[in-house]
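# I would like the atomic coordinates for the input below:
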Amino acid sequence: MRTTLLTISALVAVSATAGAQTSSTRLRIEPGSELSIAGTSNVHDFHCKTNKFSAYIDVDPGYTKDLTKVARPIVSVNVIIAVKSLSCGNKKMDENMYSTLQADKNQIIRYKLNGYDILNGSATAFAAKTTGVLTILGKEKVVAMKIDAARLNDGKATAEGEETLLMSEFGIKPPSFMFGTMKVGDEVKVKFNLKVGPEMIAQLSAATNK
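Now for the predicted structure:
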C-alpha cells in the first residue's frame, strides 16, 4: 500500500505541475481532510471513507487577500484516490467494495477540475458551481458539484461539497450479495471535506502529525 500511495503521489504531482500556471500558489491537503462514499441497500446503509488521498490545488496568489477582488481564485485541482484506501469499517464490506470497483485492475479513482462559476462570495469565502472529470474503472464522466470554500489564517483554506452519482453511469452494476438477498442501490453520495495549506506548511504539518 505504501508503494502504491507513493506512486499515486508522484502521478498527481506530475499531472498537477503540467496543468498549473506559473503564477499560481500550490496548496496541499492537511490532516483532517476526508472523502466519503455513502449508499443504501435493502438490508442497511453503508458509509465508506478515506483520509489517505492525494490532492493538489493551485490557486491565484491573491487568495490570501480579499477574495472578492480575485476573479478566478482556483487555477487547477487534481485528486487521486487509491481504491484500497477506502474503508467501510467492516472487512467483508471492504472486500465487496474492492471487488465491485475491480481494485486489483483499477487501483485509482481520479478527479480533475474542468471549470467553475462563482455563485457568491465575501472577502474570505466563496461558493462555486464546478464541473470536473471523474474517472472510475477507466470510465470518464463530467460531474457537476457545488462547493463551499473559505480562507483561514496563515494562508490555509477549507473546501467542502457533495454530489449524488449513479454507479451505473460508470459501467458499475450495483452488486448483490448473500445469494441475492442483499442488494445495493445504484445511487451513492460522494462527499469531501478538505483542509489545505501552502505546500511547505502542509508538508511540515504532515511531518509533525506522524
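
# Give the pairing partners of the longest strand seen in the chain; include direction for each.
Determined from DSSP state E, the single longest strand within the chain is strand 182-198. Within its sheet, and counting by DSSP bridges, strand 182-198 is paired with strand 25-29 (antiparallel), strand 34-41 (antiparallel), strand 157-166 (antiparallel), strand 176-177 (antiparallel).

# Dump those into CSV; add mean pLDDT and distance to Ala55 as well.
C-beta here means a position set from N, CA and C on the backbone, and glycine is covered the same way. Below are the strands paired with strand 182-198 laid out as CSV (pLDDT from 0 to 100; distance: least, C-beta to C-beta, whole Å):
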stretch, mean pLDDT, distance to Ala55
strand 25-29, 91, 5
strand 34-41, 91, 9
strand 157-166, 95, 10
strand 176-177, 70, 32
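
# Minimum distance to Thr135: which of these has it?
Distances from Thr135 to each of the strands paired with strand 182-198 were compared using C-beta to C-beta; the shortest belongs to strand 157-166, at 12.5 Å.

# Mind listing residues that contact the closest one?
Strand 157-166 is contacted by residues 27, 57, 59, 63, 130, 134, 143-152, 186-197 when judged by C-beta atoms under 8 Å, 6 or more residues apart in numbering.

# now it, how far from the centre of its chain.
8 Å (C-alpha atoms, centre = their mean, to the nearest Å).

# again with stretch 113-126
18 Å.

# Buried deepest among the strands paired with strand 182-198, which one?
Highest mean neighbour count of the strands paired with strand 182-198: strand 25-29, a mean of 22 (counted as mean count of other C-beta atoms under 10 Å).

# How far does it sit from its chain's centre?
14 Å.

# residues in contact with that strand?
Identification of contacts with strand 25-29 by C-beta under 8 Å, 6+ apart yields 16, 20, 53-61, 63, 157, 194-199, 202-203.

# Select only the buried ones of those in ChimeraX?
To isolate the buried ones among the contacts of strand 25-29 in ChimeraX, judged by 16 or more other C-beta atoms under 10 Å, type:
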select :16,20,53,54,55,56,57,58,59,60,63,157,194,195,196,197,198,202
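
# residues near Phe192, how many?
Other residues near Phe192 come to 21 when the count uses other C-beta atoms under 10 Å.

# Begin at 10, not 1, for the rest of this chat.
Understood, numbering begins at 10; the last thing we discussed is Phe201.

# Tell me who's in contact with the closest residue to it other than its chain neighbours.
Once flanking residues are discounted, Phe201 sits nearest to Leu44: 4.6 Å by C-beta to C-beta, 6 or more residues apart in numbering. Going by C-beta under 8 Å, 6+ apart, Leu44 touches Lys58, Thr59, Asn60, Phe62, Ile90, Val199, Lys200, Phe201, Asn202.

# Neighbour-wise, give me the winner out of those.
Phe62 (24 neighbours).

# what bridges to it?
With DSSP bridges as the rule, Phe62 is bridged to Ile90.

# I'm done for today, thanks for sticking with me.
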